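Novice: coords please:
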Amino acid sequence: MTSMSMSWIKELTFKQERRLEEYRDQWISYGLSTEPANKPMAEDAVLEIYDRTGLARPKIVWCQSPLELYYAKEQEGLAWHPDKSVSNYPLHPGLHRKIEEAWWKWRIAGYDVEFKGAATSLASRYRREIQKCWDNVGLIINRQAILWEESCFEGQFMAGQYFSRGWIPDVLGSDLGIAPYKDAFARVAKSAGFWYPVRNTCYICDRPESIKMEATRHTTIIGRLHNTDGPAVKYRDGWGVYSIHGVIFHQDTFTQPIKLDRIVHEGNVEARRLLIEMYGHGNYLRDMKAQRLHRDDWGTLWSLADSVLGQLVMVEVVNSTPEMDGTFKNYFLRVDPRCKTAKEAIASTFGLLEEEYNPQIQA
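Specialist: Residues are numbered from 1 along each chain as shown. Reported below is the predicted structural model:
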């Protein structure tokens, strides 16, 4: 078609925007799904991909977790081998790209359509939201299971990519006369997790059994991994990823008491801060022999030169409201290192100067 026949769509109708929002939610549900894999759907899509590339149909092996997938392919010696005479070497990354390019192209019959302005800005924002399925979940699982290879597809966690490829034909197709988006890769993403294709075998991973997350100040829809009682991501064989406030920890952090030596050797700022919180601020200041800067009726001001957190100054206060057992709990609040007295430190937590802080009742 010539440029004269180009149709420009600058904005969507209200109904189209509603359908686009529903389409976004649909792909988020795929990306964070904890339902058992839809094995027939995934296998059918994988076989179609092999057929399209002219390869013999593979034996399909299901794995309960990404770690099982990793060990399964390692046991069969499936590291990339430059010698193409090896019968079961992974599909070359270049071939992967060729497959993807062939499937991601879609045609508009009869005329061309281009989108710009508000029509694309909303879709782009939704795509960034869905991308968190990978950034906040899939990428972390990938790294923990050592799946970082070009030949391993991310399945459900690449929901943002498939949303981006399919929103025009799937959301606007009925309005523009465009056929629905048919992509075997997208069908695998709708039905399963990571998958690893080789010449004679295709390994497909089940979806997680559970994903636990928390909202953050910057959260739009998808938050960050968080669970203080066990794995934030758990698979059906028991393997999982442990995370608190998006910070990854080893399983031992949850199954064994936190020791001072563990904290001292932690170089990540956020991980160290969380370990101190679990260990107990009072215990940490005591065991690290923190210096007492000041003490009065308001509380006690402590200081410690921490090799990772820097100058750690905390004010210790006593909750004036008794616990259920009649005891009074001590709290530690990190304050500006420039604070000189306990009262000044407490006042600073309310954004006040020392002379401005004169509460009538302490809670």
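
Novice: do you know how far residue 327 is from residue 140?
Specialist: Shown here: residue 327 relative to residue 140, a distance of 39 Å by CB to CB, to the nearest Å. Just so you know, the C-beta spots here come from the backbone N, C-alpha and C atoms, and that holds for glycine as well.

Novice: who's more crowded, these two?
Specialist: Counting neighbours by other CB atoms under 10 Å for residue 327 and for residue 140 shows that residue 140 has the greater number, 20 against 9.

Novice: Against residue 19, how distant is that one?
Specialist: Here the distance between residue 140 and residue 19 works out to 32 Å (CB to CB).

Novice: so where's the stretch 251-363 of the chain shaky on pLDDT?
Specialist: Applying pLDDT under 70 to the stretch 251-363 of the chain flags the ranges 360-363.

Novice: how about a cut-off of 90?
Specialist: Along the stretch 251-363 of the chain, the parts satisfying pLDDT under 90 run over 251-286, 296-297, 306-310, 318-331, 355-363.

Novice: so who does the residue positioned nearest the centre of the chain touch?
Specialist: With distances taken as CA atoms, centre = their mean, the residue of the chain nearest its centroid is residue 136 (1.5 Å). For residue 136, the contact set (CB atoms under 8 Å, 6 or more residues apart in numbering) comprises 213, 222, 223, 224, 225, 246.

Novice: now these in TSV, with secondary structure?
Specialist: Output for the contacts of residue 136, formatted as TSV (DSSP: H, G, I helix; E, B strand; the rest coil):
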residue	secondary structure
213	strand
222	coil
223	coil
224	strand
225	strand
246	coil
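
Novice: For those residues, which single residue is the most surrounded?
Specialist: residue 225 (23 neighbours).

Novice: OK, contacts around that one?
Specialist: The contact partners of residue 225, by CB under 8 Å, 6+ apart, come to 136, 137, 140, 211, 212, 213, 232, 233, 241, 243, 246.

Novice: Now with 10 Å, please.
Specialist: 136-137, 140-141, 211-214, 231-233, 241-248 (CB atoms under 10 Å, 6 or more residues apart in numbering).

Novice: next one: residue 186
Specialist: By CB under 10 Å, 6+ apart, the contact list for residue 186 reads 27, 30, 45, 103-104, 158-159, 161-163, 165-166, 170.

Novice: Out of those, which comes closest to residue 66?
Specialist: When these are compared for distance to residue 66 (CB to CB), residue 158 comes out closest, at 14.2 Å.
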